[in-house]
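# Got a predicted model here, sequence first, then my questions.
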Amino acid sequence: METEEILKEMLEQILIKLEVEYSDIQITEDEKNTYEVNITSDNPSLLIGYHGDNIQAIQHLLKTLAWKKCGGQDFNILVDVENYRKRQEENVLGLAERKVDMARKTRRPQNLPPMSPYFRRKVHMLCMNPGFEDIETFSEGKGDHRFIIISLK
């Protein structure tokens, strides 16, 4: 059985047990061994939860169960609901670009708000792209309060 089929079947079972209605589950392999899962639902806020907490929990549960079922195969799973995370990612990257502009204009370091490791990584990767050679980023803080500082090199 393909990994996508296993993930879909397991996620369907999780959603049934949670008694959450959904209309579609789409799974794509984004990069090698990275699977993006998008759930379409009539009640997306229930699946998303406060600041995406429910998505995180579902993602963790799905990854743990799939890892066992796939015999310890190494892969990543990114669960999204109605493209909530994709929109959130676009907002975070837009904010990072505005902070880069502000750092260049004021010549002073700029702090981003605390964010998840996933979004911090996306910001660090953005600032490694061409056009950002004068910018450096680093993370500070602990746990849920970890944030990125953007500054000129």
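Received, thanks. Numbers count the residues shown, from 1 in each chain.

# What pairs with the least confident helix or strand in the chain by mean pLDDT, parallel or antiparallel?
Ranked by mean pLDDT, DSSP states H and E, the weakest helix or strand in the chain is strand 24-31, scoring a mean of 87. Strand pairing for strand 24-31, determined by DSSP bridges: strand 34-40 (antiparallel).

# Following the chain past the strand it pairs with, name the next helix or strand.
helix 44-48 (DSSP states H and E).

# In that following helix, which residues are buried?
Residues of helix 44-48 classed as buried: 44, 47-48 (neighbour count, 16 or more other CB atoms under 10 Å). (Each C-beta comes from the backbone N, C-alpha and C, glycine too.)

# And stretch 65-77, by the same measure?
Neighbour counts over stretch 65-77 (16+ other CB under 10 Å) mark 65-66, 77 as buried.

# do the same with stretch 87-106
Those would be 88-89, 92, 95-96, 99-100, 103, for stretch 87-106 by 16+ other CB under 10 Å.

# Considering those, which is situated nearest to R120?
The nearest member of the buried residues of stretch 87-106 to R120, counting by CB to CB, is V92 at 9.1 Å.

# Domain-wise, how is this structure divided?
Residue ranges for the domains of the chain, per automatic domain parsing: 3-82, 87-152.

# Columns secondary structure, pLDDT and distance to L126 on top of the buried residues of stretch 65-77, output as a markdown table?
Shown next, in a markdown table, are the buried residues of stretch 65-77 (DSSP: H, G, I helix; E, B strand; the rest coil; pLDDT from 0 to 100; distance: CB to CB, whole Å):
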| residue | secondary structure | pLDDT | distance to L126 |
| --- | --- | --- | --- |
| L65 | helix | 89 | 32 |
| A66 | helix | 86 | 29 |
| I77 | strand | 90 | 22 |
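
# Out of the residues you listed, which is nearest to P113?
I77 (25.6 Å).

# gap between that closest one and H60?
Distance, I77 to H60, using CB to CB, to the nearest Å: 9 Å.

# Please go through the protein and pick out the longest helix.
helix 84-106 (DSSP state H).

# what about that one, distance to the chain center?
Chain-centre distance of helix 84-106: 15 Å, with CA atoms, centre = their mean, to the nearest Å.

# Just want the angle from that helix to strand 34-40.
If you take axes from the mean of the first three to the mean of the last three CA atoms, to 10 degrees, helix 84-106 sits at 110 degrees to strand 34-40.
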